[in-house]
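dropping the sequence and predicted coords here.
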There are 2 protein chains.
Amino acid sequence: MALIVQKYGGTSVGTTERIVEVAVRIQQWRDKGHDLIVVVSAMSGETNRLIGLASELTRQPSGRELDVLLSTGEQVTIALLAMALMEKGYAAKSYTGSQVHILTDSAHNKARILDIDHRKIREDLAEGKVVIVAGFQGVDEAGNITTLGRGGSDTTAVALAAALKADECQIYTDVDGVYTTDPRVVPEARRLASITFEEMLEMASLGSKVLQIRAVEFAGKYNVPLRVLSSFEETGDGTLITTEEKNVESALISGIAFNRDEAQLTIAGVPDQPGVAHQILGPISAENIEVDMIVQNVGEDETTDFTFTIHRTDFPKAMEILQQTADKLGAKKVAGDDKIVKVSLVGVGMRSHAGIASKMFETLAKEGINILMISTSEIKVSVVIEEKYLELGVRALHSAFELETERA
Amino acid sequence: MALIVQKYGGTSVGTTERIVEVAVRIQQWRDKGHDLIVVVSAMSGETNRLIGLASELTRQPSGRELDVLLSTGEQVTIALLAMALMEKGYAAKSYTGSQVHILTDSAHNKARILDIDHRKIREDLAEGKVVIVAGFQGVDEAGNITTLGRGGSDTTAVALAAALKADECQIYTDVDGVYTTDPRVVPEARRLASITFEEMLEMASLGSKVLQIRAVEFAGKYNVPLRVLSSFEETGDGTLITTEEKNVESALISGIAFNRDEAQLTIAGVPDQPGVAHQILGPISAENIEVDMIVQNVGEDETTDFTFTIHRTDFPKAMEILQQTADKLGAKKVAGDDKIVKVSLVGVGMRSHAGIASKMFETLAKEGINILMISTSEIKVSVVIEEKYLELGVRALHSAFELETERA
């Protein structure tokens, strides 16, 4: 008998047939005697349909009105899932974000949860009801409907689990867990039984898009055991995301993340003086271009070289801005490359083991792969390499660190 | 400078193009300096789409969950209309039934409005905002979403007009007013400049479906001037529905309503004794079949004949029940006819003028139309005739009472 929060994403509830499948899964847990709170997203395609309607009317919809519009997506799903459960003879009750009073700030389209009033939910659970809550949405102090931004249903689930001190928060998705790396690149990739919140954050932010980052942060902060499971297959226990102390494999590294969406820019021969970094990156940020890795090298003649990466779609714009900056600063050269990828080793084991980085560089060198940039943090090492070497590099690293083998 | 409540139905907001047209119309009123509260329905087809989803899951959806589902339809429209107005530079703000606290009882799918908290609306109007409210929906004391039943958006508009003491409640629809009779039957039918609430109720309940009956009752009770207008054409001032005292044409009758959806049943030769009416109609009502007209004639030999009309779809069922009753009571005969129609003259002028009924009978007789049943009330005379005579009868009556000519 545990209290479990389950979250089903848009694909899992994409049709009424799939909603019935979700109801069957909920039944199985309910029949084992567990108390269940179920968070659902909008049926897949619905959010895009609604955004399409808005875009027929205006280029810049009011944030408040967009939230009124988009929040209907999840509201449809909660009602349908409640009906499906009741049809099977199970007591169920649906709540919108407003109804269960998921209090957020007033930042429309990207609101943050401040508080949840869980009295109604406790009462319903005590009466044996399955409680179904609309993900992604809340209400601000003034009673305005807010949304948490795309993928925010994960955050709703974690917040409910934290508020109600649930035993586990299960995120059902279209993958059956977190893998050592993308199985489409490395067929030997292995599903991890567990991973720490910190590792998960690095994996997620590096492009292994399984969970929404904010949800993982939230779960880590409130120590909510989070489990990623497949809503389509019966493939066991998924991956448990938990604190470092318990249940985590004692491997040096947990996984290899990579990100194809990057581009690299270099400005060479700029005066090596205070404030130059800001002079280079200021105009880039002013255009809302997010900068990822930043490396500064010492150059010749009291000048320096400055290299950074950005999202690939921003490449042409960023090159243009950088050229203007170069002219202004009297830099020697501007260069750019949008055929690069970032590959990262992630693992809490790095903290206590030296030599991870050098083994990584050695492995890549053996394959003749040139490293263009390096960046490290406490639990990860990232390198930028040419895009054509992605598969070769990731497979070599996966094998060198023996990720296909489970550690005790 | 007046306070006006406008209501736009599903066809009027059926596409984003139409929503823009509604925004243009609102603009025109706003530019004249009026304060506006706008009530909208779900985009046409949306409610049926949602009901379709529910019916894929269950035959008998929970009333509470069905209301959660259906209320999303209007919520989509309010957001889109607010966006359309803001795009044109007009301040606007949308409210769901819950947000503006349209308090109802808890009768899901057919709730009644108890109270409206109009403070927020007053504040927004004072700030020059167009206030947009979702029709058809409310919230009960416990915070559950309720709906007023189909067509309930009219009621929302009237209730808001009553609560805020609006100068006029305008119902925009796909007809441009209330006609003396159906123009498809009588090409000379004329739009009425005004009609009383009582007449409108009789016209509506008799099959001239322009406004929801409950909305007219509500408007009459709270003396809210109600105007029916076309949302598609610029055809003038529509029809004003008002109290008898002012503005109403001094005609004997205002219009001719008819209803094709009726069937007639007769049980002949039943014992003429107390309680026989209940013995006959009790089993019919027990099956939720609504009885419309009832006529009892004195028959021969201390027996009586009993005739009544019902909705045509209930005809086979009602015949079956009536046959059982006949066997029980030892009646002589059961007869039925589902090829009949009811035609009614409606007008407050009848109160002060005798001879309306006899002129009606005379007109029909001249055309060789046999009257099967007669029923009268203070402001209407209804007859049942064979369906094949419908057009002939209505045209003859329209002409005999000179309805094509406007009265001073």
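Ah, there it is.

pull the contacting residues for the residue sitting nearest the centre point of chain A.
In chain A, the residue lying closest to the centroid (Cα atoms, centre = their mean) is residue A:212, at 3.3 Å. Going by Cβ atoms under 8 Å, 6 or more residues apart in numbering or on different chains, residue A:212 touches A:151-152, A:154-155, A:204. Every C-beta, even on glycine, is put in place using the N, C-alpha and C of the backbone.

what angle separates the biggest helix by length in chain A from helix B:63-87?
In chain A, ranked by residue count with DSSP state H as the criterion, the top helix is helix A:63-87. In terms of direction (axes from the mean of the first three to the mean of the last three Cα atoms, to 10 degrees), helix A:63-87 departs from helix B:63-87 by 160 degrees.

rewinding a little: nearest to chain B, out of the contacts of residue A:212: which one, please.
Nearest to chain B among those is residue A:152, at 17.9 Å by Cβ to the nearest Cβ.

and the closest residue to that closest one other than its chain neighbours, what is it in contact with?
Distances taken as Cβ to Cβ, 6 or more residues apart in numbering or on different chains place residue A:136 nearest to residue A:152, at 4.2 Å, with adjacent residues excluded. Residues near residue A:136 by Cβ under 8 Å, 6+ apart: A:41-42, A:70-71, A:73-74, A:97, A:147-153, A:156.

one more time with 6 Å
Neighbouring residues of residue A:136 by Cβ atoms under 6 Å, 6 or more residues apart in numbering or on different chains: A:74, A:147-148, A:152-153.

between these, which is nearest chain B?
residue A:74 (9.5 Å).

between the contacts of residue A:212, which sits nearest residue A:107?
residue A:152 (11.8 Å; Cβ to Cβ).

what's the neighbour count on that closest one?
Residue A:152 has 28 neighbours, counted by other Cβ atoms under 10 Å in any protein chain shown.

what sits against residue A:285?
Contacts of residue A:285 by Cβ under 6 Å, 6+ apart: none found.

ah, wrong one, I meant residue A:333
residue A:268.

gap between it and chain B?
Separation of residue A:333 from chain B (Cβ to the nearest Cβ, to the nearest Å) stands at 46 Å.

got the phi and psi for that residue?
Note on residue A:333: backbone dihedrals following degrees, to the nearest 10 are phi -160, psi 150.

kindly export the helix or strand residue A:219 falls within (C-alpha atoms) in CSV.
Using DSSP states H and E, residue A:219 sits in helix A:213-222. Included here for helix A:213-222 are C-alpha records, laid out as CSV according to Å, rounded to 0.1, in the frame of the first residue of the first chain:
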residue,chain,number,x,y,z
ILE,A,213,14.7,19.5,-16.6
ARG,A,214,12.6,21.5,-14.2
ALA,A,215,10.8,18.4,-13.0
VAL,A,216,14.1,16.7,-12.3
GLU,A,217,15.4,19.7,-10.4
PHE,A,218,12.2,19.8,-8.4
ALA,A,219,12.3,16.1,-7.6
GLY,A,220,15.9,16.4,-6.5
LYS,A,221,15.2,19.4,-4.3
TYR,A,222,12.3,17.7,-2.5
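
chain center to that helix, what's the gap?
10 Å (Cα atoms, centre = their mean, to the nearest Å).

list of residues touching that helix?
A:154-155, A:158, A:162, A:197, A:200-201, A:204-205, A:226.

now with 10 Å?
Contacts to helix A:213-222, defined as Cβ atoms under 10 Å, 6 or more residues apart in numbering or on different chains, come from residues A:7, A:110, A:112-113, A:148-149, A:151-159, A:161-163, A:165, A:169, A:171, A:196-205, A:210-212, A:224-226, A:241-243.

flag every buried residue along that helix.
A:214-220 (16 or more other Cβ atoms under 10 Å in any protein chain shown).

so where's the stretch 301-408 of chain A uncertain?
Within the stretch 301-408 of chain A, the set of residues satisfying pLDDT under 70 comprises A:407-408.
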